[in-house]
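Participant: Got a predicted structure here, sequence first:
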Amino acid sequence: MSDTSMKRSSNVLAMSIIGLLFFIFGFVTWLNGSLIPFLKLICDLNEFEALFVSFAFYIAYTVMALPMAYVLERTGYKNGMALGLGVMVVGSLLFIPAALSANFLFFLLALFTLGTGLTILQTASNPYVVLIGPIESAAMRISIMGLINKGAGVLVPLLFTALILSDIADFSTQTLSQLQIEELSGRLIIPYIIMAAVLSFLVLLVKFSSLPELEFEKKDEYDKESIFHFPRLILGALALFFYVGIEVIAGDTIGLYAQNLGVLNATAMTSYTMVFMVLGYLVGVAFIPRYLSQEKALIGSALFGILFLLGIAFSSTSSHAVSTFLWGWSGIATLPDSLAFVAFLGFANALVWPTIWPLALEGLGRYTAKGSALLIMAIAGGAILPLIFGKIAHLSGNMQMSYLYGIVCYAFILMYALNWHKKSSWR
């Protein structure tokens, strides 16, 4: 077999394993959208308190990202991914005492542990996807991973609702007794035991696979002294901070918003947002880089995001015209227009992550691990910005208008797409 054929086979193997891991990322991450309204009920929380689910999960990325970058430098990317999966096994098992006690703090500890494991996996896996082929087509490869990730995001809220809430007719408004709360909380135990078993299998799969190790030159293209001398990286990390914040707001608050509007099966609403993210990723796979540059895709994403936020704020909470036009013919339950625009944010958000990563990592060389860790730390936006959203919604009593603050997020992303990704120095 020629060297070219061997390299191609190695790349296909790597993409297959990384694709499986991205499915796990999506399954674990987008389960939060169902957990939020679920824990809001069984732990008697308000909107602000319920969004600590997102905070506990995503703050792990900030706390653990740089330590995990040093771990990766010592263990290598492959062993680091196996380690991350092992930490996720522990996080899954922590849901057992949390469910038995129905204690919100225990749930938050379990979520933080899961987030820590995902921090290692994300820090290791994203550079694989960026660097395993030409940089110009990196957004297309990340879009493929995004399709897998968000495919899991479509599936998990439906599974959660079917397995956990199948015999509760009106979960959004029903008041439960203490006995019912304990019984409902206990339903989480078996699913998380199964998750721990699957993750344990993946530890062995990654550990004993022939996944190639990433190698970097001793000196990078620009010979900088630290990652903070790369403006495109630092500004890219800030853009990702705002992006992940608005992505989590779109995916994790749609259930709360549906609950407020009295929509049935609120825990399944995240699936709508994920469906539109999948559509966005399909655009990325089909058009980048042949018809659409990474920069232009990012510009379009920001502009669509602003447009959809205005749609949320100023459309009807009782009319179903938009959702009926889009999917009512198929027999799928229709959504109020304002709620439909929250789902549309998934389309606007889909190509932001795939386009910022290659733009921010270009030319980092030996700083790639630390640069990747810095970008992963930006996932803290998913912890902080939804919490601010929850506080605004709780204090104002108007969740619909609270979505407008997301315009700040898309404005920063737009500036990065237009100019800031080109900066090679701070002058």
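Facilitator: Perfect, thanks for sending it.
Participant: CA atoms for contacts and neighbours, from now on please.
Facilitator: Fine.
Participant: neighbours of Gln180, just the number please.
Facilitator: Residues contacting Gln180 under the criterion other Cα atoms under 10 Å number 12.
Participant: Kindly list the main-chain dihedrals of it?
Facilitator: The phi/psi pair for Gln180 (degrees, to the nearest 10) reads phi -70, psi -40.
Participant: Would you quantify the distance from it to Thr116?
Facilitator: According to Cα to Cα, to the nearest Å, Gln180 stands 32 Å off from Thr116.
Participant: With Phe106 instead?
Facilitator: Counting by Cα to Cα, the gap from Phe106 to Thr116 is 15 Å.
Participant: likewise Ser301?
Facilitator: For Ser301, the distance to Thr116 - Cα to Cα - is 29 Å.
Participant: for stretch 368-382, the distance to its chain's centre please.
Facilitator: 13 Å (Cα atoms, centre = their mean, to the nearest Å).
Participant: Show me which helix or strand of the chain is least confident by mean pLDDT.
Facilitator: Sorting the helices and strands of the chain by mean pLDDT, DSSP states H and E puts helix 321-327 at the bottom, at a mean of 68.
Participant: what packs against the helix or strand following that helix?
Facilitator: In the C-terminal direction, the helix or strand that comes right after helix 321-327 (DSSP states H and E) is helix 337-349. The contact analysis (3 or more Cα pairs under 8 Å, 6 or more residues apart in numbering; DSSP states H and E) places helix 337-349 against helix 231-252, helix 254-260, helix 270-287, helix 294-314, helix 321-327.
Participant: for those, which one sits closest to Leu39?
Facilitator: Nearest to Leu39 among the helices and strands packed on helix 337-349 is helix 254-260 (11.1 Å), distances taken as Cα to Cα.
Participant: More neighbours: which of Phe106 and Thr116?
Facilitator: Ranked by neighbour count (other Cα under 10 Å), Phe106 and Thr116 place Thr116 first, with 27 against 18.
Participant: can you give me the strands in the stretch 101-250 of the chain?
Facilitator: Under the criterion DSSP state E, counting those that start in this stretch, the stretch 101-250 of the chain carries no strands.
Participant: low-scoring stretches of it, by residue?
Facilitator: Within the stretch 101-250 of the chain, the stretches with pLDDT under 70 are 165-176, 212-225.
Participant: how does it look with 90?
Facilitator: Residues of the stretch 101-250 of the chain that meet the criterion pLDDT under 90 lie in 101-102, 118-188, 191, 205-230, 248.
Participant: I'd like to know how far Glu362 sits from Thr317.
Facilitator: 44 Å.
Participant: go on, Asn398?
Facilitator: The gap separating Asn398 from Thr317 is 12 Å, by Cα to Cα.
Participant: again with Thr119
Facilitator: Distance, Thr119 to Thr317, by Cα to Cα: 37 Å.
Participant: who's more crowded, these two?
Facilitator: Thr119 (29 against 17).
Participant: Setting aside sequence neighbours, what's the nearest residue to the more buried one?
Facilitator: Tyr61 (5.3 Å; Cα to Cα, 6 or more residues apart in numbering).
Participant: number of nearby residues for that neighbour?
Facilitator: Tyr61 is flanked by 31 other residues according to other Cα under 10 Å.
Participant: in what helix or strand does it lie?
Facilitator: Here Tyr61 sits within helix 52-75, counting by DSSP H and E.
Participant: cool, and Val408?
Facilitator: Counting by DSSP H and E, the element that carries Val408 is helix 407-418.
Participant: What are the buried residues along that helix?
Facilitator: Using 16 or more other Cα atoms under 10 Å as the test for burial, helix 407-418 gives Ile407, Cys409, Tyr410, Ala411, Phe412, Ile413, Leu414, Met415, Tyr416, Ala417.
Participant: and those, which two are the farthest apart?
Facilitator: Using Cα to Cα, the buried residues of helix 407-418 span at most 15.2 Å, a distance reached by Ile407 and Ala417.
Participant: pLDDT wise, what is Leu418 at?
Facilitator: Predicted confidence (pLDDT) for Leu418: 93.
Participant: how far away is it from Val206?
Facilitator: Per Cα to Cα, Leu418 is found 39 Å from Val206.
Participant: again with Gly26
Facilitator: For Gly26, the distance to Val206 equals 18 Å [Cα to Cα].
Participant: Among those two, which residue is more densely surrounded?
Facilitator: Remark: of Gly26 and Val206, Gly26 carries more neighbours, 23 against 20, as counted by other Cα under 10 Å.
Participant: Which residue comes closest to that one once chain neighbours are left out?
Facilitator: Closest to Gly26 by Cα to Cα, 6+ apart is Asn149, at 4.3 Å.
Participant: got a list of what that neighbour touches?
Facilitator: Listed by Cα atoms under 8 Å, 6 or more residues apart in numbering, the contact partners of Asn149 are Phe22, Phe23, Ile24, Phe25, Gly26, Phe27.
Participant: Compare these and tell me which is most surrounded.
Facilitator: Phe22 (26 neighbours).
Participant: excluding its backbone neighbours, what's nearest that one?
Facilitator: Nearest non-adjacent residue to Phe22, counting by Cα to Cα, 6+ apart: Asn149, 5.1 Å away.
Participant: distance of that neighbour from Arg74?
Facilitator: Separation of Asn149 from Arg74 (Cα to Cα): 28 Å.
Participant: ditto for Gly151
Facilitator: Distance, Gly151 to Arg74, by Cα to Cα: 33 Å.
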